[in-house]
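Give the three-dimensional model of this entry:
(one chain, ligands or ions: 1)
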Amino acid sequence: IVTEFRSGSTLLGGLVANASTFYFFEPCRLLGGDHNRKVASGSCDALVPRLLACDAALGDKVWREVATKDRGFLGHRVGATKPAAVVTACAARERVAKVTRMDAGLPKAFLDAVDRTLRLVRDPRAVVNSRVRGHMCSNKKISACARTVCKRMAAKDADEERLGLLSRGDYRVVYYERLVTAAAVELDGISRWRGRGKLGVPERHHALRQVNDKSDAECKPGRSCRRDGAAVAARWREELSPADVATIEADERCARTMRRHNYTVLYLAS
Ligand SMILES: Nc1ncnc2c1ncn2[C@@H]1O[C@H](COP(=O)(O)OS(=O)(=O)O)[C@@H](OP(=O)(O)O)[C@H]1O
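Okay, here's the model as predicted:
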């Protein structure tokens, strides 16, 4: 799963992975940056295929970190702690990685090295709003925030176009808005695309629970949270001022990516 920060990737990852999956949640954190330790070298697009291939040659340091993160995110449900055992557990399962750090686009070598790629897309206005809500962008700097978000989206769009990805059977675009409003239909399509046939009844149940008003994937233990996926998808409309929306839409790359993905522009530039 490749996408930008705050596009609903935790939700999609949780829906695509299951108890028999080896799940890498944000594995490029292993490369360092932000508040994370650096244990691997190289780039995100080189690391992810090697992790998905359970490459022991990445070294004990990396696999030990994967095991450590198991308690939180990485290698979820592995159970093992020793590097060799983690590699074995990885190799015994289907692997899923959710990655938000492919900022420079989707290189062909990466796409060829992994079995399947799901590209998750969310309305950039909602992504910017989500970043403002999460204190990752300041209200005063909406234009800078939009530039960052849309630059990354545009880089992926450009590769999608240049490499003809939409006609590749191993590549699929998922829209966050559709995922939260028609979860069962979307996941059914993804399941068939993965060669697993129709979505099973328990998976369907699980999916609907994730996006209905009684669950919240980001809810902290002990807190009571309510979520309505459709309302989450739409709330940027209430939370961003018209001026902020216009600022995002005025960013050339945002306008282009919105057109490409059929998001309706509200304030047309004069
Ligand atoms: N269950 C469910 N239903 C609907 N929406 C959900 C769900 N779980 C997470 N989310 C929303 O996803 C947004 C966070 O995206 P990410 O998980 O990609 O964030 S992160 O990059 O991993 O921090 C963030 O969006 P905003 O609410 O707009 O900030 C989450 O609310």
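
what does the lowest-mean-pLDDT helix or strand in the chain contact?
None of the helices or strands of the chain scores lower by mean pLDDT, DSSP states H and E than strand 36-38, at a mean of 81. Contacts with strand 36-38, where a contact means C-beta atoms under 8 Å, 6 or more residues apart in numbering, come from Arg29, Leu30, Leu31, Gly32, Glu65. To be clear about C-beta, it is placed using only N, CA and C from the backbone, and glycine gets the same treatment.

Doesn't the fourth one lie inside a helix?
Spelled out, that is Gly32. No - Gly32: not assigned to a helix; according to DSSP: H, G, I helix; E, B strand; the rest coil it is strand.

Run a quick neighbour tally on it.
13 (other C-beta atoms under 10 Å).

need the contact list for it.
Contacts of Gly32 by C-beta under 8 Å, 6+ apart are Lys38, Val39.

Quick check: the gap between it and Ala53.
22 Å (C-beta to C-beta, to the nearest Å).

After the least confident helix or strand of the chain, which helix or strand is next?
Sequence order places helix 44-52 as the next helix or strand after strand 36-38, per DSSP states H and E.

moving C-terminal of that next one, what's the next helix or strand?
helix 60-69.

what's that next one packed up against?
helix 83-91 (3 or more C-beta pairs under 8 Å, 6 or more residues apart in numbering; DSSP states H and E).

Just name whatever secondary elements the helix it packs on is in contact with.
helix 60-69.

rerun that using 10 Å as the cut-off
strand 21-25, helix 60-69 (3 or more C-beta pairs under 10 Å, 6 or more residues apart in numbering; DSSP states H and E).

how about the residues of this protein that lie near the ligand?
5-11, 100, 126, 130, 133, 180, 210-211, 217-218, 227, 229, 232 (C-beta under 6 Å from any ligand atom).

now with 8 Å?
3-14, 26, 98, 100, 120, 122, 126-127, 129-131, 133-134, 176, 180, 210-211, 215-218, 227, 229, 232-233, 235-236 (C-beta under 8 Å from any ligand atom).

Narrow those to just the buried residues.
3-14, 26, 98, 100, 120, 122, 126-127, 129-131, 176, 180, 210-211, 215, 217, 227, 229, 232-233, 236 (16 or more other C-beta atoms under 10 Å).

As a check, name the ranges of all helices in this protein.
Shown for the chain, the helices assigned by DSSP state H span residues 9-16, 44-52, 60-69, 83-91, 108-113, 124-133, 142-162, 176-181, 183-193, 201-211, 229-234, 236-239, 242-250, 252-260.
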